[in-house]
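[1] turn this into a structure:
(chains A and B)
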There are 2 protein chains.
Amino acid sequence: MPQHPPTTPARLEDRLAPILDLLQKQQVVQAVTQRQAQPRAELLENLLHRQQEVELRRSLARLNGPDAAHLLQMLATDHRLLVWSELPVRTAGRALIELPEAVAEGLIERTPAAQLDVILQELDADELAEIAEYLPREALEKAKAQLQANDRSWLESSLTYPEDSVGDIMSRDSLIVADDISVNAAIEQVRSAAELPSQTDKLFVVDRHKHLVGVVPLISLMRHDGEHPLSAIMDRDLVSFFPEDDAEEAGQAFERYDLISAPVIDDRRRVVGRITVEAVMDYLRARAENLALAKEGLSADTDLLGPVWQGARERWPWLCINLMTAFLATRFISLFEGTIQQLVALATLMPIVASVGGNTGNQTSALLIRGLALDQVHRDTLSFIYRKEISIGLINGLLWGSVLGLFAWGLYHNWLLGLVMMGAVTLNLMLAALIGISVPLLLDRFDRDPAMGSSVVLTFATDSMGFFIFLGLATLALT
Amino acid sequence: MPQHPPTTPARLEDRLAPILDLLQKQQVVQAVTQRQAQPRAELLENLLHRQQEVELRRSLARLNGPDAAHLLQMLATDHRLLVWSELPVRTAGRALIELPEAVAEGLIERTPAAQLDVILQELDADELAEIAEYLPREALEKAKAQLQANDRSWLESSLTYPEDSVGDIMSRDSLIVADDISVNAAIEQVRSAAELPSQTDKLFVVDRHKHLVGVVPLISLMRHDGEHPLSAIMDRDLVSFFPEDDAEEAGQAFERYDLISAPVIDDRRRVVGRITVEAVMDYLRARAENLALAKEGLSADTDLLGPVWQGARERWPWLCINLMTAFLATRFISLFEGTIQQLVALATLMPIVASVGGNTGNQTSALLIRGLALDQVHRDTLSFIYRKEISIGLINGLLWGSVLGLFAWGLYHNWLLGLVMMGAVTLNLMLAALIGISVPLLLDRFDRDPAMGSSVVLTFATDSMGFFIFLGLATLALT
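    Numbering: from 1, shown residues only, chains lettered A, B, ... in the order given. As a prediction, this is how the structure comes out:
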């Protein structure tokens, strides 16, 4: 059965819609698959006579890997497991490497070991390297054992590179040619290569010591006289990377210079791999998505469509931290219970001070996190940034704090309370700016994700300081 | 003077470091440029005799456009304006189209009209289309007048496509060949093309009605016999887009099918443009960055290194909304001032209920926003998502609410207070889940950015409901 070719986004939707409809109808299937312990054979027996089931299997067989990945990530756990178990092995393998971490990890956990081994056999060393980090140890070992010796050693060395490095996202194959051949000879090498690495837009040119000396875009090969020596038309000014380079910075270089592929070299300029725009895009997309989750203290493998219990447990670490910080913050209030007893309006107004502080702090830290990504934060700008954000806190605090002060005065007919309100808002906004810069900066200095949990930490600081400043000022001024 | 070629990320840093050093030394320059009203000629006069200034200008002249853009975005306003005014015109033009919106917009605002016209003359129709949205009307009109008639009409039609559409990010030039020629004839067309569009990896093949019928990767041209007809080797199953397609979905298709370029066609399958991985990456990067800012109610053109006053004003709209919502939330507290007067411990404990609600709501909405991007939210999954997140709220509320209840009981020796705490946390976590899903979903339904200001709206809901539920339960149980 021929596989669907790739197509427009709209046509992908049209193609997946009938599969989604079939799944909706499978109420029995759903009931059966929810008992996950049931062996797959029995499950199939239950379903095999169903016309819809046959149709479903036929539709799935026609999906290509990337489209199957898209379908899988769209489905909730029960339907996802059903589709996963019915995909042809090759499609399942291709889908696995395209899936977001959260979905791939969940599927691998729930795939019987024997089935997983069969799927992994479909993958080459490059593809295995992409998903190695979430494979069970034995499955990875078995898959490695199936590889040829040089593939295996490449896979092993590629697993040694740290996460978020160029080595972590580089692929193995590249077209390498000698610098002493002619354009025609290079074209002949391109023609006779058994398989071309995906996204090949240029050849890497090496001298007789195997040191990288230049690159030749394929299009230059076509546009130059065949008798020319390659060394005459090659580009000596090239963008190359070391495996230890930061993948994020490599991504910026790809954007800056509009690259499609680039060589990865060791410190003796020998080619050790290749990095493609495809790998860079996947990396940047995953990173951007994780950033938004990290900020709320969630990890990349949190799956919106995963099971409930897992979802509940995933939230515990930061929920626990949040509880403790919230609890600590309120200890500042308890210092002033006497003051509150005298003027209960304070209890009503104090959350405003905390809230505007949290809002300003989160704005500042969102700007700083983007600034770190854009390389805007360095010794020459840091003091400017602190001065600027704290000044903004001062200006906006005086301005909007006065508005709030007027409200407070109007409500409680106490002008001192209004002044306390204005002072507390101003101080808390300045403090929020200071902390909104410092938290992501410190995380970055210690090589952590600058967004990680910044929302919880910031809220703790702006809440507790908001309460302390407001109630402290009130105690001084009003009692 | 030859321009620096592109290079490794590390070498870019090395190259920019001496320029940053020179800028640091320019204390006088800084003092002068801060008086922005001063005419540029006088400014130059003041500096021209300075050795460092000459050095600076020489270094800047050697930068290529993308590297100059990187330098500009790294600098605070005063240094940025100095570098901008000293860049060669061609470099400035190239840099302008590479800069993030926030920085480009600020520079354009501060560039004298005559100087801006000279810079814009360096750009072609494609490049003008990229920055048109933040150019002053007259500057754009003047630049358009410089273009040839067909370039101008292309630019005009490209400006009619909505933001975030494929038409908005497509470029103009593509290599189009007829389907009735041979491979050799196609190669000849590639060789004789005056200039090749950047990131050309394939030819678009059209029939005699100019309808797109296939694509031929350059690499296929090289690997097939020259006598073959093009129609025999072309790929008929191709990914193409309409100008009205969503740019985000096009980006997903580029990732899914590892594309480098793809044709954009009208409804009669005539080629109207081309979309490249370069344009897609720029778009996705900008979108991801804006998402984090949008969540805190900041717009994409907020610049961390911009002037203070502008920074203060940019925060007003959401700060004002935040003030009003925080104020409203506390009105719920004022309903219960009598209860607080009786038991001041309530004032101490109530912010905890609000805080854990805010945390859970933000986690849920971060997951939902990623789910929308991954196409995980649709009719088949929506009720599952609501049930799941509310169940998580119930489970975690009972569990961690009990922990908090025990704390409250330990502190104030009042077991009813402990029960109220547990009940309020549970209810608020369930409500937070409900709102954390509904807010981004509603924004998405109304075609707004699902992250926009979600943090402020969520905090309002979880704060006010947290106060209301906790103090309400306390009033029922304790008075």
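[2] C-alpha coordinates for the helix or strand that contains residue A:53, PDB please?
    Under the criterion of DSSP states H and E, residue A:53 resides in helix A:51-61. Extracted in PDB, the C-alpha atoms of helix A:51-61 (Å, rounded to 0.1, in the frame of the first residue of the first chain):
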ATOM      1  CA  GLN A  51     -15.000  -3.500  10.100                       C
ATOM      2  CA  GLN A  52     -13.900  -0.100  11.600                       C
ATOM      3  CA  GLU A  53     -10.800  -1.700  13.000                       C
ATOM      4  CA  VAL A  54      -9.800  -2.900   9.500                       C
ATOM      5  CA  GLU A  55     -10.400   0.500   8.100                       C
ATOM      6  CA  LEU A  56      -8.300   2.100  10.900                       C
ATOM      7  CA  ARG A  57      -5.400  -0.300  10.300                       C
ATOM      8  CA  ARG A  58      -5.500   0.400   6.600                       C
ATOM      9  CA  SER A  59      -5.500   4.200   7.100                       C
ATOM     10  CA  LEU A  60      -2.600   3.900   9.600                       C
ATOM     11  CA  ALA A  61      -0.600   1.800   7.100                       C
END
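[3] for that helix, name the packing helices and strands.
    helix A:9-25, helix A:77-86 (3 or more Cβ pairs under 8 Å, 6 or more residues apart in numbering or on different chains; DSSP states H and E). For the C-beta atoms, the positions are set from N, CA and C on the backbone; glycine is no exception.
[4] ok, how many other residues are close to residue A:303?
    Residue A:303: 26 surrounding residues under other Cβ atoms under 10 Å in any protein chain shown.
[5] nearest spatial neighbour of it, skipping sequence neighbours?
    Nearest-residue entry for residue A:303: residue A:102, 3.9 Å, with adjacent residues in sequence omitted and distances by Cβ to Cβ, 6 or more residues apart in numbering or on different chains.
[6] cool, residue A:298 as well?
    residue B:363 (5.7 Å).
[7] wait, that neighbour sits on residue A:299?
    No: contact criterion Cβ atoms under 8 Å: residue B:363 and residue A:299 do not qualify, at 11.2 Å.
[8] have a look at the two and say which one is more surrounded.
    residue B:363 (28 against 14).
[9] can you read off the pLDDT for the more buried one?
    Per-residue pLDDT puts residue B:363 at 91.
[10] for residue A:379, same thing?
    Predicted confidence (pLDDT) for residue A:379: 82.
[11] what is the burial count for it?
    The burial count for residue A:379: 8, using other Cβ under 10 Å.
[12] now the one 5 residues further on
    Look at residue A:384: counted by other Cβ under 10 Å, it has 17 neighbours.
[13] and residue A:192, by the same measure?
    Neighbours of residue A:192 under the rule other Cβ under 10 Å: 8.
[14] quick check: the gap between residue A:12 and residue B:258.
    15 Å (Cβ to Cβ, to the nearest Å).
[15] higher neighbour count, those two?
    Comparing residue A:12 with residue B:258 by neighbour count (other Cβ under 10 Å), the higher total belongs to residue A:12, at 23 against 18.
[16] what about the residue lying closest to residue A:160 once chain neighbours are set aside, which helix or strand?
    Leaving aside its chain neighbours, residue A:160 sits nearest to residue A:167 (7.7 Å; criterion: Cβ to Cβ, 6+ apart). Element membership of residue A:167, judged by DSSP H and E, is helix A:166-169.
[17] still on that earlier bit, residues in contact with the residue nearest to residue A:160?
    For residue A:167, the contact set (Cβ atoms under 8 Å, 6 or more residues apart in numbering or on different chains) comprises A:158, A:160-161, A:243-244, A:264, A:273.
[18] rerun that using 7 Å as the cut-off
    Residue A:167 makes contact with A:158, A:161, A:243-244, according to Cβ atoms under 7 Å, 6 or more residues apart in numbering or on different chains.
[19] equivalent analysis for residue A:218, please.
    A:201-202, B:218-219, B:222.
[20] how much space separates it from residue B:220?
    Per Cβ to Cβ, residue A:218 is found 11 Å from residue B:220.
[21] re earlier: out of the contacts of residue A:218, which comes closest to residue A:119?
    Minimum distance to residue A:119 across the contacts of residue A:218 is 29.6 Å, recorded for residue B:219 (Cβ to Cβ).
[22] ok, and does stretch A:283-290 reach over to chain B?
    Yes: remark: stretch A:283-290 sits within contact range of chain B at A:284-285, A:288-289, by Cβ under 7 Å from any Cβ of the partner chain.
[23] how about that stretch: buried residues?
    With burial defined by 16 or more other Cβ atoms under 10 Å in any protein chain shown, the residues of stretch A:283-290 counted as buried are A:283-285, A:287-290.
[24] stretch A:391-399 now?
    Judged by neighbour count (16+ other Cβ under 10 Å), stretch A:391-399 contains these buried residues: A:391-397.
[25] and what of stretch A:404-418?
    Across stretch A:404-418, burial judged by 16+ other Cβ under 10 Å covers A:404-405, A:407-409, A:411-412, A:417-418.
[26] likewise for stretch A:434-453?
    A:434-441, A:443-444, A:449-453.
[27] widest-spaced pair of those residues?
    A:434 and A:449 (20.9 Å).
[28] about what we covered before: next, the angle helix A:9-25 makes with the helix holding residue A:53.
    Angle of helix A:51-61 versus helix A:9-25, following axes from the mean of the first three to the mean of the last three Cα atoms, to 10 degrees, is 150 degrees.
[29] would you map the strands across the stretch 1-150 of chain A?
    With strands called from DSSP state E, counting those that start in this stretch, the stretch 1-150 of chain A shows none.
[30] can you give me the helices in it?
    Under the criterion DSSP state H, counting those that start in this stretch, the stretch 1-150 of chain A contains helices at A:9-25, A:27-34, A:40-47, A:51-61, A:65-74, A:77-86, A:89-98, A:101-110, A:113-120, A:125-131, A:137-146, A:149-158.
[31] just name the most buried of those helices.
    helix A:65-74 (a mean of 24; mean count of other Cβ atoms under 10 Å in any protein chain shown).
[32] give me the contact status of stretch A:422-430 with chain B.
    No: Stretch A:422-430 lies apart from chain B when judged by Cβ under 7 Å from any Cβ; the minimum separation is 8.9 Å.
[33] other residues contacting that stretch?
    Applying Cβ under 7 Å, 6+ apart, the contact partners of stretch A:422-430 are A:353, A:356-357, A:360, A:390, A:393-394, A:396-398, A:400-402, A:404-405, A:462, A:465-466, A:469-470, A:473.
[34] mind redoing it with 8 Å?
    The contact list for stretch A:422-430, computed with Cβ under 8 Å, 6+ apart, reads A:352-354, A:356-357, A:360, A:390, A:393-394, A:396-398, A:400-402, A:404-405, A:462, A:465-466, A:469-470, A:473.
[35] which residues does residue A:375 contact?
    Contacts for residue A:375 (Cβ under 8 Å, 6+ apart) come out as A:252, B:70, B:73-74.
[36] closest point of the stretch 51-200 of chain A to chain B, which residue?
    Nearest residue of the stretch 51-200 of chain A to chain B, counting by Cβ to the nearest Cβ: residue A:66, 4.0 Å away.
[37] contacts only, for that residue.
    The contact partners of residue A:66, by Cβ under 8 Å, 6+ apart, come to A:6, A:94-95, A:98, B:256-257.
[38] quick one: the helix holding residue A:167 to chain centroid distance?
    Taking Cα atoms, centre = their mean, to the nearest Å, one finds the center of helix A:166-169 at 15 Å from the center of the full chain.
[39] in its sheet, what does the following helix or strand past that helix sit against?
    For helix A:166-169, the following helix or strand on the C-terminal side (DSSP H and E) is strand A:176-178. Sheet pairing here is set by DSSP bridges, and for strand A:176-178 it gives strand A:202-206 (parallel).
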